[in-house]
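Q: Just to be clear, the model below is a prediction. Sequence and coordinates:
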Amino acid sequence: MKKILVPVDFSEYSQRAVDYACQVIATNNNGQELDMVHIFTNHSNVYVNRQIHPDLVDPQVEIAKKEMDKLKESIRVKFPAIVCHEIFKEGNLFEEVSKVTASFAYDAVIMGTKGSSGLEAIFLGSNTYDVILNTKTPVLGIPKEKAQYKKDRVGLLCNFKEGEIEVLLQAINLIGKDFELYLIHVNKDDRDIRVIDGQFKSWIQEIIDRTNIQNISYTVKSQALYNRAAENLSHAIHSVLIDEQIDLLLITKSRKSIFRKFLEENIVRKMAYNLSVPTFFARVHAQS
């Protein structure tokens with residue numbers, strides 16, 4: 001069974017994430033199901049106590065159940081073929097999502113940004129970066145302006161590492177392989193462009209051999225574009241996403257990927273708050 005998990009707080013942002021997940025499922029038409037989890041985070045043990053003592057009445061629980069019913073009905077009307085399930089948990093958002101994903105191999109967790117339980121919540125708190133780096137399930141963040149699912153052109157931050165093929169395979173598991181792959185390399189060491197071009201030639205062939213993605217192109221961003229400030233690195237990437245009309249961005253979370261450089265320069269939070277396209281963060285096992 002294939003499933004997608006969407007944390008919902010019934011805000012417009014989590015609604016967009018649900019809509020996006022439904023579009024993914026409907027487009028793929030491969031039997032994926034949708035799990036929606038609502039986590040009670042603002043009060044202590046009320047939901048758990050109510051499960052033990054049904055006579056206890058808490059307005060927040062009843063409101064959440066009614067909102068979940070409305071959400072499921074809207075899915076039934078717009079996407080009647082999609083099978084969806086509700087999950088209620090109480091506790092810390094990060095811990096409870098981790099527990100749910102540990103119990104089932106979800107294709108992805110899809111989260112809207114700017115909601116009270118949106119993607120930006122993952123980037124806050126003392127365990128911020130550890131949560132992202134150590135989450136086994138890929139996280140797909142959906143910006144509020146990009147609620148329509150498109151995958152014509154998929155960008156991949158490329159550093160010629162094994163993990164990039166792993167993240168591609170995880171993305172294929174979610175969205176299939178009917179897209180143009182656009183490799184984005186940031187030339188942070190100011191290497192000779194002819195050397196990079198030669199590296200791309202062999203790397204693209206490796207990707208074709210192992211993923212069967214045939215339509216691949218690439219770009220190299222110059223060191224000069226972010227020479228004066230670390231933040232300019234994210235600006236350079238955002239400019240590529242806009243200029244090249246990238247529909248979805250893939251980021252590898254290996255410790256030797258460009259994601260690690262983002263962590264060192266505190267750019268991840270900036271990108272999370274300012275996602276210009278849906279972004280797929282995936283952990284990989286490869287260290288080279």
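A: That came through, no problem. Residues are numbered from 1 along each chain as shown.
Q: contacting residues around the residue most central in space within the chain?
A: Using Cα atoms, centre = their mean, the residue of the chain that lies closest to the mean C-alpha position is residue 140, 1.5 Å off. By Cβ atoms under 8 Å, 6 or more residues apart in numbering, residue 140 lies in contact with 108-111, 174, 278-281. In this view, the C-beta of every residue, glycine as well, is placed from N, C-alpha and C.
Q: Tell me how far it lies from residue 200.
A: Computed as Cβ to Cβ, to the nearest Å, the residue 140 to residue 200 distance reads 26 Å.
Q: Please give me every residue in contact with the nearest residue to residue 107 once chain neighbours are set aside.
A: Taking Cβ to Cβ, 6 or more residues apart in numbering, and ignoring the residues beside it in sequence, residue 107 has residue 174 as its nearest neighbour in space, at 4.6 Å. Taking Cβ under 8 Å, 6+ apart as the definition of contact, the neighbours of residue 174 are 4, 24, 107-108, 138, 140, 280.
Q: check which helix or strand covers residue 174.
A: Assigning secondary structure by DSSP states H and E places residue 174 in helix 162-175.
Q: Sort out which residues of that helix are buried, please.
A: Buried residues in helix 162-175, counting neighbours by 16 or more other Cβ atoms under 10 Å, are found at 162-168, 170-175.
Q: I'd like the residues you listed as CSV, with distance to residue 248 and pLDDT appended.
A: Output for the buried residues of helix 162-175, formatted as CSV (distance: Cβ to Cβ, whole Å; pLDDT from 0 to 100):
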residue, distance to residue 248, pLDDT
162, 21, 88
163, 18, 87
164, 15, 90
165, 17, 93
166, 17, 92
167, 12, 92
168, 12, 95
170, 13, 94
171, 8, 95
172, 12, 95
173, 14, 92
174, 10, 94
175, 7, 94
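Q: Format the residues you listed as JSON lines; extra columns: distance to residue 220.
A: Converted to JSON lines, the buried residues of helix 162-175 look like this (distance: Cβ to Cβ, whole Å):
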{"residue": "162", "distance to residue 220": "20"}
{"residue": "163", "distance to residue 220": "20"}
{"residue": "164", "distance to residue 220": "15"}
{"residue": "165", "distance to residue 220": "19"}
{"residue": "166", "distance to residue 220": "22"}
{"residue": "167", "distance to residue 220": "20"}
{"residue": "168", "distance to residue 220": "19"}
{"residue": "170", "distance to residue 220": "25"}
{"residue": "171", "distance to residue 220": "22"}
{"residue": "172", "distance to residue 220": "25"}
{"residue": "173", "distance to residue 220": "28"}
{"residue": "174", "distance to residue 220": "27"}
{"residue": "175", "distance to residue 220": "26"}
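Q: okay, now the domains of this structure?
A: For the chain, automatic domain parsing gives the domain ranges 3-142, 153-282.
Q: in what helix or strand does the residue nearest to the centre of the chain lie?
A: strand 139-142.
Q: Show the average pLDDT along that strand.
A: Rounded to a whole number, the mean pLDDT of strand 139-142 is 85.
Q: Okay, now the sheet partners of it, with direction.
A: Its sheet considered, strand 139-142 pairs with strand 108-112 (parallel), strand 279-282 (antiparallel) by DSSP bridges.
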